[in-house]
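**Q** just the structure for this:
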Amino acid sequence: MEIKAVRLAFIFFTAAVTALTRLHKTHSNNPRCTALTFNCVSCRYAYGRPVILRGLTDNTKFRLLCSKSSLLREYGAHRVRLSTANTYSYRKVDVPFQEYVDEFLRPQSADALGSDTLYFFGDNNFTEWQSLFEHYESPPYVLPLTSGAYSFGIAGPGTGVPFHWHGPGYSEVIYGRKRWFLYPPDQEPHFHPNRTTLSWVTETYPNLLEDEAPLECTIRPGEVLYFPDRWWHATLNLDTSVFISTFLG
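**A** Model prediction:
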């Protein structure tokens, strides 16, 4: 069974090479992530470039369960673990989910430090949230010899995680919009590890030379971003957002 699963994953990532689209430019002349439909992915993207996938899954039910009223009714009294939004040193704080929604889902200040910004993403108790996660339809394909692990998040506008890297995976927005900035492994971005993505976007990004600019895109509900292994990336939530990532490891 394991050999069969690996083979199917490899077929997915090598199929439909002729259907690939070219990168196009944004109004700021920076390249965006390529957007493809369900069956247009190849090894070029599985191991080499980020790509947006559309039409992969139908998470209508999961989206309904992630509404504010539904989450507070089901999980309001549960404690959630928040992490600071800096790159290398994370402080953890546990608060009731109701308190997080009431106190922390507010627009981010541009001068806030990452070490002072508490963010709900990744530290999910799978046992407590299992009744929610079992309704999520994850992207149906994995890389050879990997399996998926979920990280669920909710955050206010202007928040996000600064530049970092890890293994490959998918990211899907359930509510809101999330802007991504990505660099290949051999191109470390210019950033301060304790400054937020919002401050980087307003202060550093406008002054970058053309060859220093990142790949960037904004994903919306119904779109899934695939990011390859060890690519640098930072995110910025443009709205109050609900999102879930599937890490392949």
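
**Q** any stretches of this structure with poor pLDDT?
**A** Low-confidence segments of the chain, defined by pLDDT under 70: 1-32, 34-45.

**Q** can you map out the helices along it?
**A** Using DSSP state H, the helices of the chain run over 2-14, 43-46, 60-65, 68-75, 97-103, 126-133, 197-199.

**Q** what is the third one packed up against?
**A** When contacts are defined as 3 or more C-beta pairs under 8 Å, 6 or more residues apart in numbering; DSSP states H and E, helix 60-65 sits against helix 68-75, strand 169-175. Any C-beta I mention is one placed from the backbone N, CA and C, and that applies to glycine too.

**Q** which of the ones you listed is buried the deepest?
**A** Among the helices and strands packed on helix 60-65, ranked by average contacts under mean count of other C-beta atoms under 10 Å, first place goes to strand 169-175 (a mean of 22).

**Q** return the list of strands paired to it, each annotated with direction.
**A** strand 223-227 (antiparallel), strand 241-248 (antiparallel) (DSSP bridges).

**Q** would you turn the helices and strands packed on helix 60-65 into CSV with distance to residue 157?
**A** What follows is the helices and strands packed on helix 60-65, written out as CSV (distance: least, C-beta to C-beta, whole Å):
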stretch, distance to residue 157
helix 68-75, 15
strand 169-175, 12
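
**Q** and the end-to-end length of stretch 112-122?
**A** 21 Å (C-alpha to C-alpha, to the nearest Å).

**Q** who touches it?
**A** Residues from elsewhere that reach stretch 112-122, judged by C-beta atoms under 8 Å, 6 or more residues apart in numbering: 80-87, 89, 91, 93, 100, 104, 108, 151-155, 159, 161-162, 193-196, 198-199, 243.

**Q** could you measure from the spatially most central residue of the chain over to residue 224?
**A** Central residue of the chain (C-alpha atoms, centre = their mean): residue 171, 4.0 Å from the mean position. Per C-beta to C-beta, to the nearest Å, residue 171 is found 7 Å from residue 224.

**Q** and residue 193, by the same measure?
**A** 28 Å.
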